[in-house]
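> model the structure of this input:
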Amino acid sequence: MENKKEIFAGIIIIGNEILSGRTQDTNTSTLSIWLNSLGIKVQEVRVIPDTEETIIKTVNELRKKYNYIFTTGGIGPTHDDITASSVSKAFNLTYGPHKEAMSILEKYYKPGEFNEGRKKMACMPTDANLILNPTSGAPGFNVENVFCLPGVPSILKSMIGGISHKLIGGNPILSQTINLRTVESEIAKSLSEVQTKNKDVDIGSYPFFRAGKLGVAIVLRSSDQNKIDQCNSEIQNFIKEKNIEVVEKE
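Alright, predicted model coming up:
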């Protein structure tokens with residue numbers, strides 16, 4: 001297998017409503033699964049408020065640290081939607097009506113419906129590349145390695161496919177799950193021995209509660225299937241030795 005360079009991403013979830021607990025963040029999971037499938041590893045997720053200074057500082061810090069940054073939230077029509085203007089400032093770019101975005105939204109709304117709030121959704125760094133929105137018209141945008149997406153999960157989901165071709169990934173991250181009827185303390189030592197011998201595989205253990213019984217899911221992740229298989233066989237060995245029951249996923 002040809003060795004590709006590892007590619008890393010950071011996610012910035014922007015919105016007071018996430019921090020207050022009023023809205024549950026599902027975008028991290030959507031973005032991480034999608035990026036993993038492209039061979040891009042998410043290294044860090046930050047949840048920050050709708051504050052200009054914080055957005056500028058976080059975007060500037062993470063865009064230097066990772067190959068790609070994805071922001072969600074704060075690009076709607078209301079007064080607290082300040083992501084677009086803050087990202088413009090982070091890059092020292094002109095913020096204002098984006099010609100192509102204006103044209104898309106003018107066509108999207110019926111005559112008389114394209115009000116001031118909706119016009120705000122066409123304001124962004126004026127030279128940004130648009131990320132088209134097949135669900136509700138208002139586009140996201142990208143500048144250099146920063147991609148700005150809406151916070152509404154269904155809309156974000158509909159938009160990410162359109163930018164896959166803009167991203168250069170490494171080898172896709174593969175995963176395998178082994179569900180066991182056991183507790184973490186019973187397998188911790190054996191699992192850590194397997195991890196020590198297999199540095200190139202991410203091994204995670206996650207307790208679960210199903211049908212009134214406790215169990216542990218062991219998840220193996222790597223871009224190399226052979227390495228996952230090697231790990232799996234070592235784990236199967238200690239499962240047999242300890243006489244631990246394997247649970248089929250329901």
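
> the closest residue to Asp200 other than its chain neighbours - how many residues pack around it?
For Asp200, ignoring the flanking residues on the chain, the nearest one in space by CB to CB, 6 or more residues apart in numbering is Lys227 at 5.3 Å. Where you see a C-beta, it was placed from the backbone N, CA and C, and this is true even at glycine. Here the number of neighbours of Lys227 (other CB atoms under 10 Å) works out to 16.

> model confidence over stretch 234-250, on average?
Regarding stretch 234-250, the rounded mean pLDDT is 88.

> the residue most central in space within the chain: helix or strand, and which one exactly?
In the chain, the centroid-proximal residue (CA atoms, centre = their mean) is Leu31; its distance is 2.8 Å. Assigned by DSSP states H and E, Leu31 belongs to helix 27-37.

> ok, which stretches of this structure are helices?
According to DSSP state H, the chain carries its helices in the segments 16-19, 27-37, 52-65, 83-90, 99-108, 116-120, 153-160, 184-197, 225-242.

> could I get the ones you listed as JSON lines with distance to Asn145?
Formatted as JSON lines, the helices of the chain follow (distance: least, CB to CB, whole Å):
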{"stretch": "helix 16-19", "distance to Asn145": "23"}
{"stretch": "helix 27-37", "distance to Asn145": "13"}
{"stretch": "helix 52-65", "distance to Asn145": "6"}
{"stretch": "helix 83-90", "distance to Asn145": "12"}
{"stretch": "helix 99-108", "distance to Asn145": "20"}
{"stretch": "helix 116-120", "distance to Asn145": "25"}
{"stretch": "helix 153-160", "distance to Asn145": "16"}
{"stretch": "helix 184-197", "distance to Asn145": "32"}
{"stretch": "helix 225-242", "distance to Asn145": "29"}
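
> most tightly packed of the ones you listed?
For the helices of the chain, the largest average neighbour count (mean count of other CB atoms under 10 Å) is found in helix 83-90, namely a mean of 23.

> near Phe91, how many other residues are there?
Neighbour tally, Phe91, other CB under 10 Å: 18.
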